[in-house]
Each structure stands twice: as C-alpha cells, then as structure tokens.
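>>> Provided below are the primary sequence and the corresponding predicted coordinates.
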Amino acid sequence: MGFFSKLAEGLAKTRNNIMNSVSNIFTGHDIIDDDFYEELEETLIMADLGISTTTSVIENLKSKVKELKIKDPADCKKHLMDSLKEQMQVKPDAYDFENKKSVVLMIGVNGVGKTTSVGKLASQLKSSGKKVLIAAADTFRAGAIEQLTEWAKRSDVELIAQKEGSDPAAVVFDAVNAAKARNVDVLICDTAGRLHNKKNLMDELNKIYRIIGKEYPEAAIETLVVVDGTTGQNAKEQARQFSEAAPVNGIVLTKLDGTAKGGIAIAIESELSIPVKYIGIGEKIDDLQKFNADRFVEALFEVE
C-alpha cells in the first residue's frame, strides 16, 4: 500500500464521520448564504478543529468567495482545502535535527503511544542511514523499560537503560556519554511519562536539559510531545501544558487510524503554533510518518 493510500485508510474514520458531511454541504446548497456557512462551521467544530481554528478557516473562505466572486457552493471545496493546508504547513527546517548530532526528548503522558513512537522513529532514522541510540529514561512507568527493549530489538538499535525507578537524568547522563563514545548521530530519550503538575515536570526536564548542555553541548536538542489523536481536544490541552513546561519543537500525533477526530491535528497547529511533525497511522513499525499538510488534507477529503 502506498503512502497516500495508507494515510487515507488511517483517516477513514474522520473522513466517514465528518469530512463526507463537509463535502455534502458543498453539494447540498444551491447558494452561498449564512445557512451554508453556519452548517459548515458546525461540521468543522464537530471534526475537532476547535472554535478558534474553525472561525479562522471560515473567515478565510468568506474572503476568498468575495474576492473571486464565487457563486456556486461546490466551487468552495478547493478553497476550504487550501485554507486548511495553509493552517498546517510545516517549515522546511522542521527536520534539521535529523541531519545533525542531536538528542531527541520524547515526552507525553502514559498511554499515548510515546514508547512505541520512540521505537518507530528510531527505526525510521536507522533505515535512512543514521546511527541511532535509545535511552529508557521513562523509568517510573511499570513495564516501560521492557517495552522499549522490545522496540530496540525490532528497530535494531542499541538501548541504554537502568532499573525501574532510577533517576531519569542519570539514564540520560549515561546515554549522552555512550552516544559520544559510539559516534551516534541521533540519541532518542523516552522520558517524562507523567504530568502530576508542571513544576515537577519542569524540574525533571530542566535537570535533563542541564546534563545534555554540560555533557554534550554540540548536540541539537529536539523536544517532541506525543499526544493521542483519539482524545481530541484533550490532546490539544496536553500539548499546551507540556509546551508551557518545556521548549517544545513539535508534536507526534498518534492513533489517527483509530479516531473520528483527525481534525485535532489542524487545531493543534493553528492554535498552539506548534508544528505536528509526525503522525501515527497504524501499529506497524513503519506507520509513523513525517507530517505533510497537503497530503493530510487531501487524505481527509480522499482527493489524491
């Protein structure tokens, strides 16, 4: 199955639940009037784009309709898609860390697919020719180290770990020094699997950032927050809280194949100004994909 087909299949629930309704609005109205815009607005909010993103998209569409003197609602679909794509474009330098000596910190609450995403990203980078090392610094979740050990085997990369309950910063210290000694390109750390409160999280992450800065100052640091797409607005709220506690560079949005709320990707990007860099569209090791706004919106509407 090609990438587009896989993405379209992964977004099938969102498309069947919401985007088909959006398409029906374009064909079900004879004129572009307040009723047309209201129905479109309600449907987009139900897709979990959120009120502020939806308002922005609708205003954008209204100005296009006026500017281009569009009369037929069916002609609005392309302009809606273009507006959604604009909201989500990832900057060209978003993945620069992949081509430098770098340390990637994966953070996120338990159960969002964080450890799985670490393994999948490691596999992706290894298959592109990078030398990768994984660190098991989410030391408090029961079974996290065993799970990551399994993913390290599947992706054929080395793992640095200590026993459960160890200090996460101590694991990162060992991993950073191993990365330097082994001339590793990218070190990926599975860490911060909880969010009791922002102060605890900030304290733990600050300790880790200090160690990386002291031991490995030449490395670029990339902080990615992993959130579960099936939780809709809650995913956006988690991304917001983590971004207030750490210098977040991007989002990994998982489980998009299991949700009717794929529009949350658009809301996160638009409202938090944090790029969605990777999306998870399945269980397999190669089902973590770099985010492509054009492809994502086209798959939502099943327009290749």
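The structure has been received and is ready for your questions. For clarity, every value in this text was computed on a predicted model and none was experimentally measured.

>>> C-alpha only now, for contacts and for neighbours.
Fine.

>>> need the strands for the protein, in chain order.
With DSSP state E as the definition, the chain shows strands at residue ranges 102-107, 132-137, 158-160, 186-191, 220-228, 250-254, 276-280, 288-290.

>>> could you redo these as TSV and give each row distance to residue 296 and mean pLDDT?
As requested, the strands of the chain are exported to TSV (distance: least, C-alpha to C-alpha, whole Å; pLDDT from 0 to 100):
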stretch	distance to residue 296	mean pLDDT
strand 102-107	23	96
strand 132-137	28	96
strand 158-160	33	97
strand 186-191	26	96
strand 220-228	17	95
strand 250-254	12	95
strand 276-280	10	93
strand 288-290	11	90
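
>>> Of all those strands, which one is nearest residue 9?
Nearest of those to residue 9, taken as C-alpha to C-alpha: strand 276-280 at 12.1 Å.

>>> what comes into contact with that closest one?
Among residues not part of strand 276-280, those counted as contacts by C-alpha atoms under 8 Å, 6 or more residues apart in numbering are 88, 90, 94, 117, 250-257, 265, 268-269, 287-291.

>>> now the angle from that strand to strand 250-254?
20 degrees (axes from the mean of the first three to the mean of the last three C-alpha atoms, to 10 degrees).

>>> where's strand 276-280 relative to the chain centroid, distance-wise?
For strand 276-280, the distance from its own C-alpha centre to the chain's C-alpha centre is 3 Å (C-alpha atoms, centre = their mean, to the nearest Å).

>>> partner strands of it, parallel or antiparallel?
For strand 276-280, the paired strands and their directions (DSSP bridges) are strand 250-254 (parallel), strand 288-290 (antiparallel).

>>> Show me which of the contacts of strand 276-280 are buried.
Using 16 or more other C-alpha atoms under 10 Å as the burial test, these include 88, 90, 117, 250-257, 265, 268-269, 287-291 as buried.

>>> Correct me if wrong: residue 161 contacts residue 145.
Yes. Counting by C-alpha atoms under 8 Å, residue 161 does reach residue 145; the two are 7.2 Å apart.

>>> Quickly list what's touching both of the two.
Counting by C-alpha under 8 Å, 6+ apart, the residues touching both residue 161 and residue 145 are residue 136.

>>> Using TSV, please lay out the strands of the chain together with distance to residue 16.
Conversion of these to TSV gives the following (distance: least, C-alpha to C-alpha, whole Å):
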stretch	distance to residue 16
strand 102-107	31
strand 132-137	38
strand 158-160	41
strand 186-191	34
strand 220-228	20
strand 250-254	19
strand 276-280	19
strand 288-290	22
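
>>> any idea how far residue 108 is from the residue sitting nearest the centre point of the chain?
The C-alpha lying nearest the average C-alpha coordinate of the chain belongs to residue 252 (C-alpha atoms, centre = their mean; 2.5 Å). The spacing between residue 252 and residue 108, counted by C-alpha to C-alpha, to the nearest Å, is 10 Å.

>>> contacting residues around the closest residue in space to residue 50 that isn't next to it in sequence?
With sequence-adjacent residues excluded and distances taken as C-alpha to C-alpha, 6 or more residues apart in numbering, residue 50 is closest to residue 267, at 6.0 Å. Residues near residue 267 by C-alpha under 8 Å, 6+ apart: 48-50, 53, 236.

>>> Kindly report the same for residue 94.
With contact taken as C-alpha under 8 Å, 6+ apart, residue 94 is in contact with residue 277.
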